[in-house]
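Trainee: Kindly generate the corresponding structure for this input.
(one chain, ligands or ions: 1)
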Amino acid sequence: MTLEQAKEKLALYGQEHVLKYYDELNDKEKADLLQQIDETDFSMLHFTHDRDELPGRGVITPLGAMELDEIEANKDKFMKTGLEAIKAGKVGAVLLAGGMGTRLGSDNPKCMYDIGITKPVYIMQRLIENTMDVVRQADGAWIPFFIMTSEKNHDATTAFMKEHDYFGYDPAHIWFFKQDMAPASDYDGKVYMEGKGRIATSPNGNGGWFLSMSKAGLVDKVHELGIEWLDCFAVDNVLQRIADPLFVGATIESGCVSGAKVVRKVAPDEKVGAMCREDGKPSIVEYYDMTPELMEAKNEKGDPAYNFGVILNYLFRVPELEKIVNEKLTLHIVEKKIPYIDENAQLVKPESPNGYKFEQLILDMIHELDSCLPFEVRREYEFAPIKNKTGVDSVESARELCRGCGIEL
Ligand code: UTP
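Mentor: Okay, the predicted model is just below:
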């Protein structure tokens, strides 16, 4: 892109300040900035003012889950179906590790966080150990393991894995890919600059994972390997069960094209997204969209109708993913702390949120699909998220849950 073209593009979106220091840059920096302007999608920035133009929610109705008693009653059948699919190489795992983990406040990628007490126990190590349990159950069939990173944490993540010998996983069955970035703006929708020649960017949410995988050529790999199901999960749940044969088997047997692991909510207002139908299709209603009526609604058994919260572990059938890969998902505008250069070109790392980042979320992919099986799991065995340093969903609470599962720390 030429300077003239860059000026035109920026003027279209009211972002002319991006070139403020252009004349001070050297040739390489100039070329890099022009390239970044060329590649950046600024079209979402106006939504900071025009939120009414974002599509609203449809009609929410309940969607029942497959509960623990039903799973127990069909355990042998589900296990057999799941293990058969895994042994046949039809199930792949996708680790979503492109986030910034700003709440945890570590400069390293979240997967490098050490939750150990008497010895190092890294988050990544826990995830690999859990996957290895399934590899053993499947008589040594390696589960193809895809890891999504972002521009900000890719090098650190890959180096960390190599340094630790992939925690015993066979690297021939691991692939890394980078997710896309989105610009980060102030409250007025003007992008921040993180350097004189660089627009501040942030990973574009975990909803773009399949498109990013496709751009990296890894959907071809999925075909080559004959993978039919992808189990997608968050990096920060240290009790995460990966490619769980029971979950895989139940989803296949149900005839659904996707599955979502869910836990029974501890309270109607617990801060987790709840499974539901939206305009008749499966969906997830975010906790901040739960109205008092939804919280009080009961199902035919007299239980709360929106009682199952998602834990960011989803199973998708690959052909259906390919049909929706180019769908525009809901845009989420999230307040964040964004490092930026001030009027004196000094880098500032803010202590509190100072603007927005723009994300698409994996949970919105469920709504694009025709069917989804909510599959209940016990939170004390499978849900130990690490979002914060202390308190709720923290290193402390995750350690406690690990201890309860007999994991040595
Ligand atoms: P979170 O929503 O907790 O975001 O991610 P985060 O960036 O890790 O943490 P905060 O909000 O800044 O504190 C849930 C999961 O989705 C992944 C994360 O790595 C985590 O596994 N994720 C999130 C991505 O892979 N990419 C993103 O752009 C955002």
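
Trainee: mind checking how far the residue nearest the centre of the chain is from the ligand?
Mentor: Centroid check for the chain by Cα atoms, centre = their mean gives residue 206 as the closest residue, at 3.6 Å. From residue 206 across to the ligand, the span is 4 Å (Cβ to the nearest ligand atom, to the nearest Å). For glycine as for every other residue, the C-beta is placed from the backbone atoms N, C-alpha and C.

Trainee: my guess is residue 252 meets residue 81, correct?
Mentor: Yes - the criterion here is Cβ atoms under 8 Å, and residue 252 meets it with residue 81 at 5.3 Å.

Trainee: out of the two, which sits in the more crowded spot?
Mentor: Set residue 252 next to residue 81 and count neighbours by other Cβ atoms under 10 Å: residue 252 wins out with 22 against 19.

Trainee: Which neighbouring elements make contact with the host helix or strand of that one?
Mentor: Using DSSP states H and E, the element containing residue 252 is helix 245-254. Helices and strands touching helix 245-254, by 3 or more Cβ pairs under 8 Å, 6 or more residues apart in numbering; DSSP states H and E, are helix 75-87, strand 229-234, strand 258-264, strand 308-317, strand 373-376.

Trainee: again, only this time at 10 Å
Mentor: helix 68-73, helix 75-87, strand 91-96, helix 123-137, strand 229-234, strand 258-264, strand 308-317, strand 373-376 (3 or more Cβ pairs under 10 Å, 6 or more residues apart in numbering; DSSP states H and E).

Trainee: Show me what counts as buried in the helix or strand immediately after the last one in the chain.
Mentor: Spelled out, that is strand 373-376. Once the chain leaves strand 373-376, the next helix or strand it forms, by DSSP H and E, is helix 379-382. Under the neighbour-count criterion of 16 or more other Cβ atoms under 10 Å, helix 379-382 has 379, 382 buried.

Trainee: Dump helix 379-382 to CSV, restricted to CA.
Mentor: This file holds the C-alpha atoms of helix 379-382, laid out as CSV (Å, rounded to 0.1, in the frame of the first residue of the first chain):
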residue,chain,number,x,y,z
ARG,A,379,-17.2,-29.0,38.3
GLU,A,380,-15.1,-30.4,41.1
TYR,A,381,-13.4,-32.8,38.6
GLU,A,382,-13.4,-30.7,35.5
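
Trainee: Grab the nearest non-local neighbour of residue 63.
Mentor: residue 277 (4.7 Å; Cβ to Cβ, 6 or more residues apart in numbering).

Trainee: residues from the stretch 101-250 of the chain in reach of the ligand?
Mentor: 101-103, 110, 148, 179, 203-206, 234-236 (Cβ under 6 Å from any ligand atom).

Trainee: Show me where the stretch 151-300 of the chain has its helices.
Mentor: For the stretch 151-300 of the chain, applying DSSP state H, counting those that start in this stretch gives helices covering 154-163, 209-215, 218-225, 245-254, 292-296.

Trainee: Please identify the deepest-packed of those helices.
Mentor: Stretch with highest mean neighbour count among the helices of the stretch 151-300 of the chain: helix 245-254 (a mean of 23; mean count of other Cβ atoms under 10 Å).

Trainee: quick one, it and strand 258-264 angle?
Mentor: 120 degrees (axes from the mean of the first three to the mean of the last three Cα atoms, to 10 degrees).

Trainee: any idea how far helix 245-254 is from the chain center?
Mentor: The chain centre lies 22 Å from the centre of helix 245-254; the measure is Cα atoms, centre = their mean, to the nearest Å.

Trainee: any idea of the mean pLDDT for that helix?
Mentor: Helix 245-254 carries an average pLDDT of 98.

Trainee: ditto for stretch 163-178
Mentor: Rounded mean pLDDT across stretch 163-178 is 98.

Trainee: which ones are touching residue 76?
Mentor: The contact partners of residue 76, by Cβ atoms under 10 Å, 6 or more residues apart in numbering, come to residue 249.

Trainee: What's the separation between it and the ligand?
Mentor: 32 Å.

Trainee: Numbering from 18 from now on, please.
Mentor: All set: I'll call the first residue 18, so the last point we hit is now residue 93.
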